[in-house]
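Trainee: I'd like to go over a predicted model; first the sequence, then the structure.
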Amino acid sequence: MNDEREKGSQTFGSLIIGLFVILMISACQTKVSTDIPAELLNDTKMEDMEATNFETFYSDSGVVKYHLQAPKLLVYDDPKNRYNDFPDGFIMQRYDLNRKIISQMSGNHGKYFVNEKRWEASGNVVLVNSEGDTLRSEELKYNQAEELIYSDQFVSIKKGDQTIFGNGGFKSDTQMTKWSFINTTGQLYMKEGE
């Protein structure tokens, strides 16, 4: 009878220890998961490379095409969606064959999608061409392959003493010589006799 009591007591003790271990494991798992940064829990892609005070020249067939400066560069190298992020702004200058600046674009934030050869600039975007024509917008996209700039946001272009406003919808070649607006307002000055 004593043996049966001892066995029952050991079984009860083992049960208590087992419950204690299960509670400790579940408590540890909860604690560990809260210590993991949110981006890892959400399976968010972290950058593959980071650079500060970034500056580079892009060339094609030995000819310098672009000069790019940015306080910070983040490179995301996923083969399906490779892109470079410029979270603190950028300045990009474009050159002609004689290495003369033909345009300059800047913005508070920029992204370059490598596979698509497409830029997206946002926040106080300014584009100036070689004639001094100045485009301003909160968003501008630049498709390098098609040599096309465009935006769905408000755009203003100052050309000499004329300013034209596009209230949503703009498309142009990169030199802003052939452009079109959707939903346009502005002031145009005509000389007498024209």
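Mentor: Yep, that arrived. Numbers count the residues shown, from 1 in each chain.

Trainee: Determine the three-state secondary structure at Leu97.
Mentor: Assigned state for Leu97: coil (three-state reduction, DSSP: H, G, I helix; E, B strand; the rest coil).

Trainee: Now do the helix or strand containing Val125: distance to the chain's middle.
Mentor: Secondary structure here is read from DSSP states H and E; on that basis Val125 sits in strand 118-129. Its chain's average C-alpha position is 12 Å from that of strand 118-129, according to C-alpha atoms, centre = their mean, to the nearest Å.

Trainee: Flag every buried residue along that strand.
Mentor: Of the residues in strand 118-129, those buried under the neighbour-count criterion (16 or more other C-beta atoms under 10 Å) are 118-122, 125, 127-129. Glycine gets a C-beta too; all of them are placed from N, C-alpha and C.

Trainee: show me the contacts for the closest residue to Asn84 other than its chain neighbours.
Mentor: Distances taken as C-beta to C-beta, 6 or more residues apart in numbering place Tyr112 nearest to Asn84, at 4.5 Å, with adjacent residues excluded. For Tyr112, the contacting residues are 83-84, 86, 118-119, taking C-beta atoms under 8 Å, 6 or more residues apart in numbering as the criterion.

Trainee: all strands of the protein, in order?
Mentor: Along the chain, counting by DSSP state E, strands occupy 49-60, 63-76, 83-86, 90-95, 101-107, 109-113, 118-129, 134-143, 148-151, 155-159, 162-166, 170-173, 179-181, 184-187.

Trainee: mind giving me JSON lines with those strands and columns for mean pLDDT?
Mentor: Output for the strands of the chain, formatted as JSON lines (pLDDT from 0 to 100):
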{"stretch": "strand 49-60", "mean pLDDT": "91"}
{"stretch": "strand 63-76", "mean pLDDT": "94"}
{"stretch": "strand 83-86", "mean pLDDT": "96"}
{"stretch": "strand 90-95", "mean pLDDT": "94"}
{"stretch": "strand 101-107", "mean pLDDT": "94"}
{"stretch": "strand 109-113", "mean pLDDT": "96"}
{"stretch": "strand 118-129", "mean pLDDT": "95"}
{"stretch": "strand 134-143", "mean pLDDT": "94"}
{"stretch": "strand 148-151", "mean pLDDT": "92"}
{"stretch": "strand 155-159", "mean pLDDT": "90"}
{"stretch": "strand 162-166", "mean pLDDT": "85"}
{"stretch": "strand 170-173", "mean pLDDT": "88"}
{"stretch": "strand 179-181", "mean pLDDT": "81"}
{"stretch": "strand 184-187", "mean pLDDT": "62"}
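
Trainee: I am finished for the moment; much appreciated.
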